[in-house]
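> structure for this input, please:
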Amino acid sequence: MPSTATHVDALPPVGWRAWAAWMSGALFYCYIYFQRVAPSVMVGDLMRDFNVGGAVLGNLTACYFYAYAGLQIPIGAMVDRFGPRRMLTAAALLCALGSWSFAMASTIGMAYLGRALIGAGAGAAWIGTLQISAQAFPPRRFALLSGLTLLLGMAGGVGGQAPFSFVIAAAGWRPAMLGAMGIGAVLAILLWAVVSRDASGDGSGLTHRDADVIRGLRSVVATPQSWACAAYGAGLSVPVLAFAGLWGVPYMMATYGLDRPEAAFTTTLMLIGWAVGAPVAGWASDHVGRRKSPMIVATLVAAASLAIALYFPGLPLVAVQTLLLVHGIFSGTMVLCFVVAREHNRPSAGGTAVAFANMAVMGTSAAFQPLIGWFLDLGWDGRVVDGVRVYSPATFRAALLTLLATGAVAFFAALLTRETHCRPASDVA
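Now for the predicted structure:
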């Protein structure tokens, strides 16, 4: 029997158009990840401008996730039905419209609308890009391409924290979001120009006409492994999306006395870890021909590193930063939840399977942002500085205990995951 490495080396070459299509989708995913985490460096500004507390602010930022998660199933079905080109182009335009609405918001309701529109458009980025990967590339490249897509997403997340905080300091958050509107419009033009109608590099992939949308959805929901994959991805993702995505910056400022750019840099390390960990996890899993064992190991290391970083008092800042980086690297293995979900379902329902897992990831993260804010408000001692509520380090640590619970969920979900040996459902006996 040939070795796994030999099999990977023998993969057929892929044309430039397939790579260009994937890159355009991945750039859009980079953009929507910037949009996802950008509020983390606006916390004080948003609290002041809209006169809200932690729970309301959590709901404002979570509007992105509510729309994103709530539309995953229909978006997945529409990607299967209409193809990535039209869906990604329309999604980029919707993100541009949402950015304008958020930037121009004079009331909290208009701000909610803007974030919801951004989230609705962003919902197609991951599914559409993975659909391009599945249709235009050999199956054994899917995990690696998923990881590389997430890497570019994390680059957007990094840009949405420390670098974006300097932009906000120089220009204000409203002009900065108007700039984000322009980027969304440019991406819409690029996606329409580069992605082919069926996103199939050689004509051998499934087209949207082959997809039986309703049957595919029923099949995904009826597959127990779809639920295990969804729980695994959600459990590993919440600490990054809820902590690095919103509450990490004020936590680091309150606990270590950092200014906003320094605190943003510290939480950015979790996103950098994801950027490193996701493609490495995809490559390593493909290389060894296993999915389950990397998933189990990752949950244990991720949970331990986060617990030590948050609940071992007296650690120097550099040690906390290192632990957050380690957490991000091993949390990047969450990318395997999409790979395994697709492998356990019919190829024609691939977009729906990815959407189902992504709905769980985003929906859970949406719930945890205001949940943490609610716990912070419960422990708030009434202090206000420049119109912004100030939470103590002890209050933060109590609220962030919820993140450790999600780590336990991810571990048990990994144990319940059935090994696919990197083969799609049609190949598994």
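> could you list the low-pLDDT ranges of this structure?
1-14, 197-213, 425-429 (pLDDT under 70).
> check which helix or strand covers the nearest residue to G76 once chain neighbours are set aside.
The shortest distance from G76 to any residue that is not its chain neighbour, by CB to CB, 6 or more residues apart in numbering, is 2.5 Å, and that residue is A355. C-beta: built from backbone N, CA, C; applies to glycine. Using DSSP states H and E, A355 falls within helix 350-378.
> in that helix, which residues are buried?
By neighbour count, and taking 16 or more other CB atoms under 10 Å as the criterion, the buried residues in helix 350-378 are 350-377.
> next structured bit after it?
Assignment by DSSP H and E places the next element after helix 350-378 at strand 384-385.
> just how off-centre is the strand or helix carrying L57 within its chain?
The secondary structure element spanning L57 is helix 54-70 (assigned by DSSP H and E). Put simply, helix 54-70 sits 14 Å off its chain's centre (CA atoms, centre = their mean, to the nearest Å).
> relative to helix 350-378, how tilted is it?
Inter-element angle recorded for helix 54-70 and helix 350-378: 170 degrees (by axes from the mean of the first three to the mean of the last three CA atoms, to 10 degrees).
> how about the helices in the stretch 301-429 of the chain?
For the stretch 301-429 of the chain, the helices defined by DSSP state H, counting those that start in this stretch cover 317-331, 336-343, 350-378, 393-399, 401-416.
> send the alpha carbons of the last one over as CSV?
Only the C-alpha atoms of helix 401-416 are listed here, as CSV (Å, rounded to 0.1, in the frame of the first residue of the first chain):
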residue,chain,number,x,y,z
LEU,A,401,-15.8,30.8,33.5
THR,A,402,-18.4,30.2,30.8
LEU,A,403,-15.6,29.8,28.3
LEU,A,404,-14.2,26.8,30.1
ALA,A,405,-17.5,25.0,29.8
THR,A,406,-17.4,25.3,26.1
GLY,A,407,-14.0,23.6,26.1
ALA,A,408,-15.5,20.6,27.9
VAL,A,409,-18.3,20.4,25.3
ALA,A,410,-15.6,20.3,22.5
PHE,A,411,-13.7,17.5,24.2
PHE,A,412,-16.8,15.2,24.5
ALA,A,413,-17.9,16.1,21.0
ALA,A,414,-14.5,15.0,19.7
LEU,A,415,-14.8,11.7,21.5
LEU,A,416,-18.1,11.1,19.8
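> ok, and what's touching it?
The contact list for helix 401-416, computed with CB atoms under 8 Å, 6 or more residues apart in numbering, reads 228-229, 231-232, 234-236, 238-239, 242-243, 292, 295-296, 298-300, 302-303, 306-307, 310, 334, 364, 368, 371-372, 375.
> in it, which residues are buried?
Taking 16+ other CB under 10 Å as the basis for neighbour counts, the residues of helix 401-416 that come out buried are 402-403, 406-407, 409-411, 413-414.
> pull the distance from the helix holding A355 to the chain's centre.
Going by CA atoms, centre = their mean, the spacing between the C-alpha centre of helix 350-378 and its chain's C-alpha centre is 10 Å.
> tell me which other helices or strands that helix touches.
For helix 350-378, the contact count by 3 or more CB pairs under 8 Å, 6 or more residues apart in numbering; DSSP states H and E identifies helix 54-70, helix 72-82, helix 108-136, helix 213-222, helix 224-238, helix 336-343, helix 393-399, helix 401-416 as packing neighbours.
> tell me which of those helices is the most buried.
For the helices and strands packed on helix 350-378, the largest average neighbour count (mean count of other CB atoms under 10 Å) is found in helix 336-343, namely a mean of 29.
> what does that helix rub up against?
Counting contacts by CB under 8 Å, 6+ apart, the residues touching helix 336-343 from outside are 126, 130, 134, 142-143, 146, 220, 225-226, 229-230, 232-233, 236, 281-282, 285, 291, 294-295, 350, 353-354, 356-358, 361, 417, 420, 422-425, 428.
> how about the CA coordinates for it, as CSV?
Provided in CSV are the C-alpha atoms of helix 336-343 (Å, rounded to 0.1, in the frame of the first residue of the first chain):
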residue,chain,number,x,y,z
LEU,A,336,-11.7,20.0,11.0
CYS,A,337,-15.3,20.2,12.1
PHE,A,338,-16.2,21.5,8.6
VAL,A,339,-14.1,18.9,6.9
VAL,A,340,-15.5,16.0,8.9
ALA,A,341,-19.1,17.3,8.5
ARG,A,342,-18.6,17.3,4.7
GLU,A,343,-17.0,13.9,4.7
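> between it and helix 108-136, how big is the angle?
Note on geometry: by the same axes, to 10 degrees, helix 336-343 and helix 108-136 are set 60 degrees apart in direction.
> gap between helix 336-343 and the chain center?
Distance, stretch centre to chain centre, for helix 336-343: 15 Å (CA atoms, centre = their mean).
> got the angle between that helix and helix 213-222?
Computed by the same axes, to 10 degrees, the angle separating helix 336-343 from helix 213-222 equals 120 degrees.
> from L325, how far off is R418?
R418 sits at a distance of 31 Å from L325 (criterion: CB to CB, to the nearest Å).
> comparing those two, which residue is more hemmed in?
Neighbour tally, R418 and L325, criterion other CB atoms under 10 Å: the higher count belongs to L325, 21 against 14.
> quick check: that one touching I272?
Yes - checked against CB atoms under 8 Å, the pair L325 and I272 is within contact range at 6.5 Å.
> closest one to G172 out of the buried residues of helix 401-416, please.
If you rank the buried residues of helix 401-416 by distance to G172 using CB to CB, L403 comes first, at 31.5 Å.
> L306 versus the closest one, what's the distance?
For L403, the distance to L306 equals 6 Å [CB to CB].
> shouldn't A162 be in contact with A264?
Yes - with contacts defined as CB under 8 Å, A162 counts as touching A264 at a distance of 4.3 Å.
> ok, back up a step: okay, angle between the helix holding A355 and helix 401-416 too, please.
Computed by the same axes, to 10 degrees, the angle between helix 350-378 and helix 401-416 is 150 degrees.
> could you check the angle helix 350-378 makes with helix 224-238?
Put simply, helix 350-378 runs at 40 degrees to helix 224-238, going by the same axes, to 10 degrees.
> renumber starting at 9 from here on
Yes, from this point I'll number from 9; that puts the last item at helix 358-386.
> make a markdown table out of the helices and strands packed on helix 358-386 and add distance to D394.
Conversion of the helices and strands packed on helix 358-386 to a markdown table gives the following (distance: least, CB to CB, whole Å):
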| stretch | distance to D394 |
| --- | --- |
| helix 62-78 | 15 |
| helix 80-90 | 38 |
| helix 116-144 | 19 |
| helix 221-230 | 49 |
| helix 232-246 | 30 |
| helix 344-351 | 41 |
| helix 401-407 | 19 |
| helix 409-424 | 28 |
